[in-house]
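# sequence-free structure coming up:
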Ligand code: G6P
């Protein structure tokens, strides 16, 4: 959700550095983008434009000025529609300062009124312009000590922000600050970077500092200083990022989404690495070791997430309850945080998040900790805010996920949740040793089975060709495969803009069946489970309304294959692990439908990868 990149150093091609960074960050927002540079005459030059990064870059390339300092931004609009004037960077009223901002200033309207009374005129509809003018107003009074002005202003700001600012009066200094939204500092000798995440930094350096909430950083090519809002100097902890450049490139695929779908055999394997040991017939979840006892004695497990991560939580709800008999509740972060949740010290709350930065999930962690319950993270992005503030957690190790529609993160979330469930169940003596070992073997075999499904992609592509002109699709499944239906529908609507809904198969008759017409696609997840026969009965109901049934099956059941219009056969797997296989054809289906519609699957309209505003 909005990407920030900033640079100060001894290289005079800041513009090029910033645009390269923006290309890498584009998955965070692509409503508009732009950069601001301080040129050799100490003037601020801005190149920004509505639309993708390429368009703003085109403007810059016409001039190609040399500069050693600048800030850049790729936007996901919150305040003010996505147009040229609302694009960042945004200048202050005097045009002395330029700012880029990720987040939302909640008290902007009251500050705007005060500033208007003082004669400020606003050129944009953004809360960001209010923030920079507020800083400017304070700066006027504080005898032009910019660091102090920034500090005073930020203490009066409500809301979330990550910001980078340049000031033409002190042209060698770059300023950054954060609260709620992420900001990372990259250090490479006399060259410094500020960015929303490590991905645009890794090209230049592996040394980073993760700024904490309410910290302000002041950087020149000589020096870096971090202070907090109490004006205390902070000794920064420099960390190494483990990201490799190849991991954030497309590797020959036409999109990140397809690359990420195709690499799932590897990413799932990585999530199991060091955790499943087939030789020792055991599995270890070291990340949450200290809290295993707490989990075994938990009165209740709560799982919190948003979007795809919430769907992974729903699968876990079925799985955990079946195999551990501990009651599980699954919550949207956005609801959990505002309903004063009842939490006790013997509750364990899992927070699932690919990015580790989703604002609603992050805030839910803080509430959980305040109320004394245990907070465990299941996060992909190493060093992210949720990973840092939870009590303990398991990283997915799926590698960076850049396609806006989450794919490999979902299957890695599932494998981690399955491993936790199996381990707990064995410790609770619900799954006995023989079955435990059998389940470990099955989990270990999943990457191979995923590969077999990926090999069927041409068949899935052909089905996509049949449905891409439809207006609406329904998805249905039962038990652990009901959330797979939700996730399949989410994938399709996110990237193809076809209206899609997921339902528990039996719920269809309580309303959605009214939507069925001749030829309406209904995607049914019908792999073997305790409810298999019942799902087949639901298919009959759908077929009786002449809808078009596309079934995910796990065996060549002649009766079902003949009943449905199209079938995709996935390998059989027992013990409720099927969601991790069944979602793969649905990811591919959504991808090919969007491709047939000629859409950009990596940058679906109105969406952003990392939602750092509530
Ligand atoms: C956004 C993304 C989704 C993602 C959700 C939660 O909406 O577009 O793909 O599932 O945020 O993100 P998280 O990083 O917390 O898993």
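In hand now; what should we look at? Keep in mind that this is a model prediction, so the values were computed, not measured. Numbers count the residues shown, from 1 in each chain.
# The ligand contacts on the stretch 351-500 of the chain?
353-355, 358, 361, 404-406 (C-beta under 6 Å from any ligand atom). Heads up, the C-betas are built off the backbone N, CA and C, glycines and all.
# pLDDT score for the residue of the chain found nearest the ligand?
Proximity of the chain to the ligand (C-beta to the nearest ligand atom) peaks at residue 307, 2.8 Å away. Predicted confidence (pLDDT) for residue 307: 96.
# where are the low-confidence patches of the protein?
Across the chain, the ranges flagged by pLDDT under 70 are 143-144.
# What residues does it have near the ligand?
Checking the chain against the ligand by C-beta under 6 Å from any ligand atom, the hits are 306-309, 353-355, 358, 361, 404-406, 607, 609-611.
# Which pair of those residues spans the longest distance?
Maximum pairwise distance among those (C-beta to C-beta): 18.1 Å, between 361 and 405.
# Now the phi/psi pair for residue 180, please.
Backbone torsions of residue 180, given as degrees, to the nearest 10, read phi 80, psi -50.
# and if you look at residue 65?
phi -80, psi 160.
# Quick check, it in contact with residue 39.
Yes. The criterion here is C-beta atoms under 8 Å, and residue 65 meets it with residue 39 at 5.1 Å.
# Common neighbours of the two, please.
Counting by C-beta atoms under 8 Å, 6 or more residues apart in numbering, the residues touching both residue 65 and residue 39 are residue 45.
# Number of residues surrounding the residue lying closest to residue 453 once chain neighbours are set aside?
The shortest distance from residue 453 to any non-neighbouring residue, by C-beta to C-beta, 6 or more residues apart in numbering, is to residue 584 (4.5 Å). Residue neighbour count, defined by other C-beta atoms under 10 Å, stands at 26 for residue 584.
# ok, residue 584 - contacts?
Residue 584 sits in contact with 261, 264, 411, 450, 453-454, 570, where contact means C-beta under 8 Å, 6+ apart.
# Where do the helices of the stretch 401-550 of the chain begin and end?
408-427, 433-454, 457-467, 482-496, 532-544 (DSSP state H, counting those that start in this stretch).
# Is it possible to get a markdown table of the ones you listed that adds mean neighbour count?
Below are the helices of the stretch 401-550 of the chain laid out as a markdown table (neighbours: other C-beta atoms under 10 Å):
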| stretch | mean neighbour count |
| --- | --- |
| helix 408-427 | 26 |
| helix 433-454 | 17 |
| helix 457-467 | 17 |
| helix 482-496 | 26 |
| helix 532-544 | 16 |
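# Tabulate those helices in CSV, adding columns for distance to residue 559.
Converted to CSV, the helices of the stretch 401-550 of the chain look like this (distance: least, C-beta to C-beta, whole Å):
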stretch, distance to residue 559
helix 408-427, 30
helix 433-454, 23
helix 457-467, 20
helix 482-496, 22
helix 532-544, 8
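# So which of the residues of the stretch 351-500 of the chain next to the ligand are in strands?
Judged by DSSP state E, those include residue 353 as members of strands.
# Just put the residues of the stretch 351-500 of the chain next to the ligand in a markdown table and tack on neighbour count.
Shown next, in a markdown table, are those (neighbours: other C-beta under 10 Å):
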| residue | neighbour count |
| --- | --- |
| 353 | 36 |
| 354 | 29 |
| 355 | 26 |
| 358 | 29 |
| 361 | 30 |
| 404 | 23 |
| 405 | 29 |
| 406 | 28 |
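# what's residue 376 sitting at in phi/psi?
Backbone torsions of residue 376, given as degrees, to the nearest 10, read phi -120, psi 140.
# Repeat that for the one 4 residues further on.
Backbone torsions for residue 380, taken as degrees, to the nearest 10, come to phi -90, psi -40.
# Run a quick neighbour tally on it.
Using other C-beta under 10 Å, residue 380 has 27 other residues around it.
# What is the helix or strand hosting residue 315 packed up against?
Following DSSP states H and E, one finds residue 315 within helix 307-324. The contact analysis (3 or more C-beta pairs under 8 Å, 6 or more residues apart in numbering; DSSP states H and E) places helix 307-324 against strand 300-305, strand 328-332, strand 347-353, helix 408-427, helix 482-496.
# between that helix and helix 482-496, how big is the angle?
Per axes from the mean of the first three to the mean of the last three C-alpha atoms, to 10 degrees, the angle that helix 307-324 makes with helix 482-496 is 170 degrees.
# How many residues are close by the residue nearest to residue 350 when sequence neighbours are not counted?
Ranked by C-beta to C-beta, 6+ apart and with sequence neighbours excluded, the top spatial neighbour of residue 350 is residue 303, at 4.7 Å. By the criterion of other C-beta under 10 Å, residue 303 has 25 neighbours.
# Where do the domain boundaries of this protein fall?
The chain breaks down by automatic domain parsing into domains covering 3-247, 250-455, 456-614.
# contacting residues for residue 100?
Counting by C-beta under 8 Å, 6+ apart, residue 100 has contacts 4, 6, 36, 71-73, 88-90, 128, 163-164.
# Give me the subset of those lying in helices.
Counting by DSSP state H, the part of these found in helices is residue 128.
# Next, format the contacts of residue 100 as JSON lines and append distance to residue 216 and neighbour count.
Shown next, in JSON lines, are these (distance: C-beta to C-beta, whole Å; neighbours: other C-beta atoms under 10 Å):
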{"residue": "4", "distance to residue 216": "15", "neighbour count": "30"}
{"residue": "6", "distance to residue 216": "14", "neighbour count": "32"}
{"residue": "36", "distance to residue 216": "19", "neighbour count": "31"}
{"residue": "71", "distance to residue 216": "15", "neighbour count": "32"}
{"residue": "72", "distance to residue 216": "20", "neighbour count": "34"}
{"residue": "73", "distance to residue 216": "19", "neighbour count": "32"}
{"residue": "88", "distance to residue 216": "19", "neighbour count": "29"}
{"residue": "89", "distance to residue 216": "18", "neighbour count": "27"}
{"residue": "90", "distance to residue 216": "19", "neighbour count": "28"}
{"residue": "128", "distance to residue 216": "17", "neighbour count": "29"}
{"residue": "163", "distance to residue 216": "9", "neighbour count": "30"}
{"residue": "164", "distance to residue 216": "11", "neighbour count": "33"}
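# okay, now residue 238: neighbour count?
11.
# on that earlier part again, list the buried residues of the helix holding residue 315.
307-320, 322-324 (16 or more other C-beta atoms under 10 Å).
# Residue 148: what secondary structure?
Secondary structure assignment for residue 148 (DSSP: H, G, I helix; E, B strand; the rest coil): helix.
# I figured it was touching residue 135, is that so?
No. Using C-beta under 8 Å, residue 148 is not in contact with residue 135, being 10.7 Å away.
# okay, these two: which has more neighbours?
residue 135 (24 against 15).
# got a list of what residue 528 touches?
If you count contacts by C-beta under 8 Å, 6+ apart, then residue 528 has 554-555, 572, 578 around it.
# again, only using 10 Å
By C-beta atoms under 10 Å, 6 or more residues apart in numbering, the contact set of residue 528 is 535, 553-555, 557, 572-574, 578.
# Tell me which entries of those residues lie within helices.
residue 535.
# who wins for neighbours among the contacts of residue 528?
Ranked by neighbours (other C-beta under 10 Å), the contacts of residue 528 are led by residue 578, which has 26 neighbours.
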